[in-house]
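K.L.:
Show me the folded form of this:
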Amino acid sequence: MPRVKFTPNLQRFFPDLTELEVEATTIAEAVSAVDQRWRGLGDYIIDEQGALRKHVNIFIGDELIRDKRTLSDRVSADTRIYIMQALSGG
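P.N.:
Okay, the predicted model is just below:
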């Protein structure tokens with residue numbers, strides 16, 4: 001099963017957040033599975049239209065996902081998914 005790992009910054013909102021195996025074939029399914037485990041985390045990751053929020057990045061391995069609108073990027077059993085807060089500022 002794909003494994004989802006999170007940036008430590010998200011632990012301030014979800015203190016028991018840990019790496020998680022999910023049943024998913026797309027990033028959208030992985031986000032849904034994560035939200036089922038930690039209610040509200042999905043709202044932090046995606047907006048009301050189901051698109052990736054601007055302050056969040058998702059990587060499949062070391063590649064940034066391509067579909068930030070519907071999160072249709074495919075994942076497989078050995079996929080590592082990384083969800084992290086985007087950094088900005090100056």
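
K.L.:
When you work out contacts or count neighbours from here on, use the C-alpha atoms and nothing else.
P.N.:
Will do.

K.L.:
which residues of the chain fall in strands?
P.N.:
For the chain, the strands defined by DSSP state E occupy 3-6, 20-21, 56-60, 63-64, 80-85.

K.L.:
Same list, these, but as JSON lines with mean pLDDT, mean neighbour count and distance to residue 14 please.
P.N.:
Below are those laid out as JSON lines (pLDDT from 0 to 100; neighbours: other CA atoms under 10 Å; distance: least, CA to CA, whole Å):
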{"stretch": "strand 3-6", "mean pLDDT": "97", "mean neighbour count": "19", "distance to residue 14": "11"}
{"stretch": "strand 20-21", "mean pLDDT": "96", "mean neighbour count": "17", "distance to residue 14": "14"}
{"stretch": "strand 56-60", "mean pLDDT": "96", "mean neighbour count": "18", "distance to residue 14": "15"}
{"stretch": "strand 63-64", "mean pLDDT": "96", "mean neighbour count": "12", "distance to residue 14": "23"}
{"stretch": "strand 80-85", "mean pLDDT": "94", "mean neighbour count": "19", "distance to residue 14": "13"}
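
K.L.:
Any chance of those strands in a markdown table with distance to residue 35 as columns?
P.N.:
Listed next are these as a markdown table, based on distance: least, CA to CA, whole Å:
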| stretch | distance to residue 35 |
| --- | --- |
| strand 3-6 | 12 |
| strand 20-21 | 11 |
| strand 56-60 | 15 |
| strand 63-64 | 20 |
| strand 80-85 | 12 |
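
K.L.:
Longest helix in the chain, please.
P.N.:
For the chain, the helix with the greatest residue count under DSSP state H is helix 27-37.

K.L.:
What is that helix packed up against?
P.N.:
helix 41-45 (3 or more CA pairs under 8 Å, 6 or more residues apart in numbering; DSSP states H and E).

K.L.:
Give me the contacts around the longest helix of the chain.
P.N.:
Identification of contacts with helix 27-37 by CA atoms under 8 Å, 6 or more residues apart in numbering yields 4, 20, 22-24, 41-42, 45, 70-75.

K.L.:
Now do the buried residues in stretch 43-53.
P.N.:
Residues of stretch 43-53 classed as buried by neighbour count (16 or more other CA atoms under 10 Å): 44-46, 52-53.

K.L.:
Pull the most distant pair out of those.
P.N.:
When these are compared pair by pair using CA to CA, the two farthest from each other are 44 and 52, 9.2 Å apart.
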